[in-house]
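>>> 3D, please:
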Amino acid sequence: MVKIQIRYAGDLRCHATHGPSSVTLSTDAPVDNQGRGESFSPTDLVATALGSCMLTIMGIVARRHGWDLSGAGVEVEKSMVATGVRRIGSLGVVIRVPANLDAAARAALENAAHTCPVHKSLHPDIQIPVRFLFGAAAHATDTV
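Numbers count the residues shown, from 1 in each chain. The predicted model follows:
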């Protein structure tokens, strides 16, 4: 079990402390929701959690098989629902892996990303399109 302590700092900002490491981070409400947008919003952290979880689980699988994921990265584009209850509507994900891997390795890494704990914990109403770019395609400049 991990305990995270969060304190309201005022002006729509919070400071969180990770119990095991004492590392801290701050959040700020986004500009479109009365904040200044000067830090991650709570929903930005959900997008960050998804991308970092996917890449971490891929890293665990890669380590087990001796595959090099150096330079791999994830881009997550968060979109909020425009009407009704304010919530995340979609998290578009692009995962770039510069390594030239065979089809079996790519399939294993894709499965790892789709089965990360954060992905499995998100509500099914959130759209999560995921695109994987391997090898030379990972160097393309297009985004989510």
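>>> Centre-most residue in this protein?
With the centre of the chain defined as its mean C-alpha position, the nearest residue by Cα atoms, centre = their mean is residue 51, 2.2 Å away.
>>> That one touches residue 78, doesn't it?
No: with contact defined as Cβ atoms under 8 Å, residue 51 does not reach residue 78; the gap is 10.0 Å. C-beta: built from backbone N, CA, C; applies to glycine.
>>> Would you double-check that residue 96 falls in a strand?
Yes: according to DSSP: H, G, I helix; E, B strand; the rest coil, residue 96 belongs to a strand.
>>> and the helix or strand where residue 120 lies, what other elements does it pack with?
Residue 120 is located in helix 117-121, with elements delineated by DSSP states H and E. Helix 117-121 is packed against helix 42-65, with contacts defined by 3 or more Cβ pairs under 8 Å, 6 or more residues apart in numbering; DSSP states H and E.
>>> May I have the helix it packs on exported as PDB, CA atoms only?
Taking Å, rounded to 0.1, in the frame of the first residue of the first chain, the C-alpha atoms of helix 42-65 are listed here in PDB:
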ATOM      1  CA  PRO A  42      -5.500  16.500 -11.800                       C
ATOM      2  CA  THR A  43      -6.800  15.200 -15.100                       C
ATOM      3  CA  ASP A  44      -3.400  15.900 -16.700                       C
ATOM      4  CA  LEU A  45      -2.000  13.500 -14.100                       C
ATOM      5  CA  VAL A  46      -4.400  10.800 -15.300                       C
ATOM      6  CA  ALA A  47      -3.000  11.200 -18.800                       C
ATOM      7  CA  THR A  48       0.500  11.200 -17.400                       C
ATOM      8  CA  ALA A  49      -0.200   8.100 -15.400                       C
ATOM      9  CA  LEU A  50      -1.600   6.300 -18.400                       C
ATOM     10  CA  GLY A  51       1.400   7.100 -20.600                       C
ATOM     11  CA  SER A  52       4.100   6.400 -18.000                       C
ATOM     12  CA  CYS A  53       2.300   3.100 -16.900                       C
ATOM     13  CA  MET A  54       2.100   1.900 -20.500                       C
ATOM     14  CA  LEU A  55       5.800   2.600 -21.100                       C
ATOM     15  CA  THR A  56       6.900   1.100 -17.700                       C
ATOM     16  CA  ILE A  57       5.000  -2.200 -18.300                       C
ATOM     17  CA  MET A  58       6.500  -2.300 -21.800                       C
ATOM     18  CA  GLY A  59       9.900  -1.700 -20.200                       C
ATOM     19  CA  ILE A  60       9.400  -4.700 -17.800                       C
ATOM     20  CA  VAL A  61       8.600  -7.000 -20.800                       C
ATOM     21  CA  ALA A  62      11.500  -5.600 -22.800                       C
ATOM     22  CA  ARG A  63      13.900  -6.200 -19.900                       C
ATOM     23  CA  ARG A  64      12.700  -9.800 -19.500                       C
ATOM     24  CA  HIS A  65      13.500 -10.500 -23.200                       C
END
